[in-house]
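**Student:** Fold the following.
(chains A and B)
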Amino acid sequence: MVDIRDDLKLIAEMVEPNSRVLDVGCGDGALLDYLSHTKNVDGRGIELSMDGVRQCVAHGLSVIQGDAETDLKDYPAEAFDYVILGQTLQAMKQPRDVLEMLCRIGRRAIVSVPNFGYWRVRMQLMLTGRMPVTEKLGYQWWETPNIHFCTLRDFVVLTEEMGITIEQTRIIDRAGRVTSHAHSGFANLLGEQGVFLLRRNG
Amino acid sequence: MSAALDSSAPNAPAHDPNEQVMPGKRVRLAVDRPMRLDSGVEIGGFQIAYQTYGTLNADKSNAIFICHALTGDHFVMERHPVTGKPGWWEMLVGPGKPVDTDRYFVICSNVLGGCLGSTGPKDVDPATGQPYGLSFPVVTIGDMVRAQKLLVEHLGIEKLFCVIGGSMGGMQVLQWAVAYPESVFAAVPIATAARHSAQNIAFHEVGRQAIMADPEWRGGNYLLEGTRPEAGLAVARMAAHITYLSETALHRKFGRNLQDRKAITYGFDADFQVESYLRYQGAAFVERFDANSYLYITRAMDYFDLAADAGGTLANAFRPGGKTTPVRFCLASFSSDWLFPTSESRAIVHALNAVAANVSFVEIETDKGHDAFLLDEPEFHQVIHGFLEGCAEHRGLSVRRRAR
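**Tutor:** Numbering: from 1, shown residues only, chains lettered A, B, ... in the order given. Below you'll find the predicted structure:
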């Protein structure tokens, strides 16, 4: 059995078998491959890097080279059962627009975001007075592709403003263990990242 | 099907001695019922020359149709009967290659209007007993594909596993997918476009004018008058050949190097290697190609515009009967191709996304220009291999290991 990253596994758990899935920023296609073999999904991908795209297509996955911020608009509404965006919302120029599109072209969207409110991040900033560099977010401020960080609470507030319902939540710690199934309470302090199953209201 | 007369034995028109020795298969199609061309003209009993490689499986589900480019032919993976050169797609097609002839049944036919065995302007018009010349009806990419469909039906194949081709071949692939979506499982249009651009029409017009400006062309009647517009056809080829390369590739290959001389000659001989190379390309081309065929086939490409045929919106071409096309697509373009640039492929991808079709798209980094689809490009070949493997799995084609 193919093995994938813990956060990808959590995403995969949210996907119903035999559904249509679009993975935005699918990288080398690990999640798509996993989903097609374990859940028999009809999977597609968009990936920015040509290397990633070549790897995916050479492995028989349906992936196009493209940019989420320009190429998602072509898809019709509800073209997919799930549109997945793993760990890349913070790298978007217009994260709100992207979130809007995800929830338009998918009946559901699954989004994972790193938590800038995680206690270690807060400690680093407070104690050293420098921009946090963590294991998962290992970039200096001047080189990071992550230009729109948020805390889990920030993310939840945005979904409320946009009329998006959070149907499921998984908060995970540094070791990839699920610490909470709710985004309230201490999640914003103790979770290193959150995985959310989203649906547009109405 | 009854509308076809098989004639695997050479069935040679009297005027062309080449045809006697030309290898490959032939069939007469639309014998009982003529085929209606896009122009409205009907053509019946035309000949299509083709070649097949590999073995058709019991349920006829492993057939791959290869569509050749403008000056290509059906000799995909065998020594060319006229030039003696290797098959034009031996890099991609053959035993153990991405288009694996140990596994797939591969078909390629010379296009209608061509000059290597399929009926074209150099053949004798049965109505007059003389070569057609310019009285041959204008054919389109749609007409070429219509003829290919008749051939595939003649071979008893209901649904092709894949249609693949580059450049004009890619246009035919798109046409197949749009005209016969239920007869194509997967489509691989390479280095192509959904319509021929103004710049490309312009280049074609230069080529055609070069041919027609040659006094030996004789208004298209050169066969009857016993002349050959070789100079014109060679110039057409030279101009076109430049568009198949890239500035980088030309510079890398030739730079400003002089041809067999130490200094420039202050004259108009081929001082530069690049001139000598182009002259050679032109001269070699006239050996194997008919000038009128060149006019007809370039015209077919010029007329190609899938969106126009679908009411002006390309996406509609991929929504037959209001439903998303069932065809699985894999598009490939090459970064230094300025004849069919990546933006053309991307426009097709966007249209396919708009109907949520199943599509893969890769741009291959290379400095070899448009010709890259014919050359040794390992990444490109990996992509084709992977895509076909994935499709074979979905189509339920079992993996047939080579016995070695």
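**Student:** Most proximal residue of chain A with respect to chain B?
**Tutor:** A:Gly60 (2.4 Å; Cβ to the nearest Cβ). In this view, the C-beta of every residue, glycine as well, is placed from N, C-alpha and C.
**Student:** wait, B:Phe285 sits on B:Gly232?
**Tutor:** No. Taking contacts as Cβ atoms under 8 Å, B:Phe285 lies outside contact range of B:Gly232: 11.5 Å.
**Student:** still on that earlier bit, dump the residue contacts of the residue of chain A closest to chain B.
**Tutor:** B:386-387, B:389-391, B:393 (Cβ atoms under 8 Å, 6 or more residues apart in numbering or on different chains).
**Student:** what about it, helix or strand, and which?
**Tutor:** Assigned by DSSP states H and E, A:Gly60 belongs to neither a helix nor a strand.
**Student:** for the one 10 residues further on, same thing?
**Tutor:** For A:Thr70, the element it lies in under DSSP H and E is helix A:68-71.
**Student:** For the contacts of A:Gly60, pick the one with the most neighbours.
**Tutor:** Highest neighbour count within the contacts of A:Gly60, by other Cβ atoms under 10 Å in any protein chain shown: B:Phe387, with 27 neighbours.
**Student:** Next up, phi/psi of that one, please.
**Tutor:** phi -60, psi -50 (degrees, to the nearest 10).
**Student:** what are the bridge partners for A:Ser112, then?
**Tutor:** A:Gly86, A:Val195 (DSSP bridges).
**Student:** Tell me who's in contact with it.
**Tutor:** Counted by Cβ under 8 Å, 6+ apart, A:Ser112 has contacts A:7, A:10-11, A:85-87, A:193-196.
**Student:** now do B:Lys368
**Tutor:** B:245-246, B:249, B:334, B:336, B:375, B:377.
**Student:** which residues of the stretch 251-400 of chain B fall in helices?
**Tutor:** Taking DSSP state H, counting those that start in this stretch, the helices of the stretch 251-400 of chain B run over residues B:273-288, B:291-303, B:306-309, B:314-317, B:342-354, B:378-395.
**Student:** before we move on, back to that, ChimeraX command to pick out the buried ones of the contacts of B:Lys368?
**Tutor:** Here is the ChimeraX command that selects the buried residues among the contacts of B:Lys368 (16 or more other Cβ atoms under 10 Å in any protein chain shown):
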select /B:245,246,249,334,336,377
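**Student:** Could you export the contacts of B:Lys368 to a markdown table, including columns for distance to A:Gln168 and pLDDT?
**Tutor:** Below are the contacts of B:Lys368 laid out as a markdown table (distance: Cβ to Cβ, whole Å; pLDDT from 0 to 100):
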| residue | distance to A:Gln168 | pLDDT |
| --- | --- | --- |
| B:Leu245 | 55 | 96 |
| B:Ser246 | 51 | 96 |
| B:Ala249 | 53 | 93 |
| B:Phe334 | 44 | 97 |
| B:Ser336 | 47 | 97 |
| B:Leu375 | 50 | 96 |
| B:Glu377 | 45 | 95 |
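**Student:** ok so, going back, looking at B:Phe285 and B:Gly232, which is more packed in?
**Tutor:** B:Gly232 (25 against 20).
**Student:** circling back to that earlier point, out of the helices of the stretch 251-400 of chain B, nearest to chain A?
**Tutor:** helix B:378-395 (2.4 Å).
**Student:** thinking again about what came up before, nearest to A:Arg153 among the contacts of A:Gly60?
**Tutor:** B:Gly390 (41.7 Å; Cβ to Cβ).
**Student:** Which pLDDT value does the model give the closest one?
**Tutor:** At B:Gly390, the pLDDT value in this model is 92.
**Student:** what do you get for A:Arg54?
**Tutor:** pLDDT, read off for A:Arg54, is 89.
**Student:** Now do the same contact list for it.
**Tutor:** B:362, B:364, B:379, B:382-383.
**Student:** buried sites along stretch A:117-124?
**Tutor:** Buried residues in stretch A:117-124 (16+ other Cβ under 10 Å): A:117-118, A:121, A:124.
**Student:** mean confidence score for that stretch?
**Tutor:** 94.
**Student:** ditto for stretch B:180-197
**Tutor:** 98.
**Student:** Between the two ends of it, what distance do you get?
**Tutor:** 25 Å (Cα to Cα, to the nearest Å).
**Student:** That stretch and chain A in contact?
**Tutor:** No. Stretch B:180-197 does not reach chain A (Cβ under 8 Å from any Cβ of the partner chain); its nearest approach is 10.7 Å.
**Student:** which SS state does A:Leu197 fall under?
**Tutor:** strand (DSSP: H, G, I helix; E, B strand; the rest coil).
**Student:** okay, now the nearest residue to B:Asp367 once chain neighbours are set aside: neighbour count?
**Tutor:** Leaving out its chain neighbours, the residue that sits closest to B:Asp367 by Cβ to Cβ, 6 or more residues apart in numbering or on different chains is B:Thr248, at 4.2 Å. The number of residues packed near B:Thr248 is 13, by other Cβ under 10 Å.
**Student:** B:Thr248 touches B:Ser335, doesn't it?
**Tutor:** No. Taking contacts as Cβ under 8 Å, B:Thr248 lies outside contact range of B:Ser335: 10.4 Å.
**Student:** Mutual contacts of the two, please.
**Tutor:** With Cβ under 8 Å, 6+ apart, B:Thr248 and B:Ser335 have common neighbours B:Asp367.
**Student:** shaky segments in the stretch 151-300 of chain B?
**Tutor:** For the stretch 151-300 of chain B, no stretch has pLDDT under 70.
**Student:** my bad, chain A
**Tutor:** A:1-2.
**Student:** At the geometric centre of it, which residue sits there?
**Tutor:** For chain A, the residue nearest the mean C-alpha position is A:Gly86 (2.3 Å; Cα atoms, centre = their mean).
**Student:** Now for that residue: which residues touch it?
**Tutor:** Here A:Gly86 is in contact with A:7-8, A:11, A:23, A:25, A:31, A:110-112 (criterion: Cβ under 8 Å, 6+ apart).
**Student:** Mind putting the buried residues of stretch A:117-124 into TSV with secondary structure?
**Tutor:** Formatted as TSV, the buried residues of stretch A:117-124 follow (three-state DSSP):
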residue	secondary structure
A:Gly117	coil
A:Tyr118	coil
A:Val121	helix
A:Gln124	helix
